[in-house]
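>>> Below is the structure, and that's it, no one-letter string:
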């Protein structure tokens with residue numbers, strides 16, 4: 001009994017070391033971090049479908065998730081520019097706001113899952129609405145492992161509020177290229193692979209904006225980007241009601257990187273508390289609970305970047321999810337709650 005416990009803890013220490021090494025490598029290369037086009041989420045473990053199409057149907061269930069994020073609350077200012085002729089122009093910045101609604105379901109005849117997500121992202125002078133429709137083929141492996149290979153078609157409506165633009169006295173050559181309505185409709189595609197094994201490793205890779213389309217009216221251009229993410233569930237035989245889940249998410253367009261590293265502590269799979277650190281941005285405190293088929297999570301990000309000098313009071317994020325599945329038992333259909341990781 002003693003030797004089996006030692007073996008268990010040594011195995012967990014080895015897996016944690018591997019994950020820590022992976023995080024360290026990412027942190028070393030991520031020295032010039034910049035903002036990415038993909039949405040920023042502190043509770044990324046509960047929104048995997050938003051950055052990996054291979055996750056659709058992975059839980060073998062029907063799941064609906066809603067997310068609201070208000071970033072850098074209090075950040076915003078109005079800048080007034082006085083031209084040489086005495087006239088003035090104003091431009092206003094405001095804190096970004098993101099709303100996401102998604103649903104995915106495993107469909108047995110299709111041997112995989114379908115997923116739909118709608119995102120409204122208001123950042124700066126842009127108000128972007130994205131609709132992602134995708135399918136992921138799910139493959140089961142011996143030992144309980146499962147891999148999803150998925151693709152999405154992405155429809156985007158890009159709106160630019162040109163009233164907030166300041167062109168200056170001499171104007172700007174780009175101004176002549178932009179239509180007055182400041183609206184574009186664009187189509188792109190995404191691809192991803194996701195793998196998980198119960199009570200063990202989970203993670204995947206994905207590529208977004210593969211076509212890298214560009215709008216004509218707003219000159220908005222999609223940047224091809226890539227995601228790498230992973231984590232590990234650590235359980236303790238002496239205390240089976242408790243587990244730790246460290247994880248890392250890296251987003252890159254090969255010119256800049258964004259790294260999120262975090263850990264969640266679960267109690268009875270019903271309550272959790274944790275933290276997420278985003279390099280050159282801030283520290284997020286996460287708390288949540290699960291009741292029957294519902295999951296509620298909240299996070300508050302403490303701004304640690306120069307955004308704090310602009311009046312940022314931090315970022316708020318709320319996630320609400322409903323997930324269930326149907327299982328057949330002796331000819332009867334029963335409903336059963338599914339896991340979230």
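All right, it came through fine. Given the structure is predicted, the values throughout are model-derived calculations rather than measurements.

>>> alpha carbons only for contacts and neighbour counts from here, please
Fine.

>>> leaving aside the residues next to it on the chain, what's closest to residue 202?
Closest residue to residue 202 apart from its sequence neighbours, by CA to CA, 6 or more residues apart in numbering: residue 196 at 4.0 Å.

>>> I'd like to know how far the one you found sits from residue 281.
Using CA to CA, to the nearest Å, we find residue 196 at a distance of 29 Å from residue 281.

>>> which residues in this protein form helices?
Along the chain, the segments classed as helices by DSSP state H run 2-29.

>>> which ones are touching the spatially closest residue to residue 97 that is not a sequence neighbour?
Ranked by CA to CA, 6+ apart and with sequence neighbours excluded, the top spatial neighbour of residue 97 is residue 70, at 4.6 Å. Applying CA atoms under 8 Å, 6 or more residues apart in numbering, one finds that residue 70 lies in contact with 95, 96, 97, 98, 315, 316, 317.

>>> Show me the shaky parts of the stretch 1-150 of the chain.
Residues of the stretch 1-150 of the chain that meet the criterion pLDDT under 70 lie in 1-37, 75-94.

>>> Hmm, residue 300 is touching residue 288, no?
No. The criterion here is CA atoms under 8 Å, and residue 300 misses it with residue 288 at 11.9 Å.

>>> re earlier: how many neighbours does the residue nearest to residue 202 have?
Burial of residue 196 is recorded as 22 neighbouring residues (other CA atoms under 10 Å).

>>> need the contact list for it.
With contact set as CA under 8 Å, 6+ apart, residue 196 has these partners: 145, 146, 147, 202, 203.

>>> out of those, who's nearest residue 126?
Nearest to residue 126, judged by CA to CA, of the contacts of residue 196 is residue 203 at 31.6 Å.

>>> Around the closest one, count how many other residues there are.
Other residues close to residue 203 by other CA under 10 Å number 21.

>>> And for the one 4 residues further on?
Residues within reach of residue 207, counting by other CA under 10 Å, total 22.

>>> Kindly report the same for residue 221.
Residue 221: 14 neighbours (other CA under 10 Å).

>>> Name the nearest residue to it, sequence neighbours excluded.
Nearest residue to residue 221, sequence neighbours excluded (CA to CA, 6+ apart): residue 214, at 4.1 Å.

>>> Please report the distance of the one you found from residue 109.
Separation of residue 214 from residue 109 (CA to CA) stands at 37 Å.
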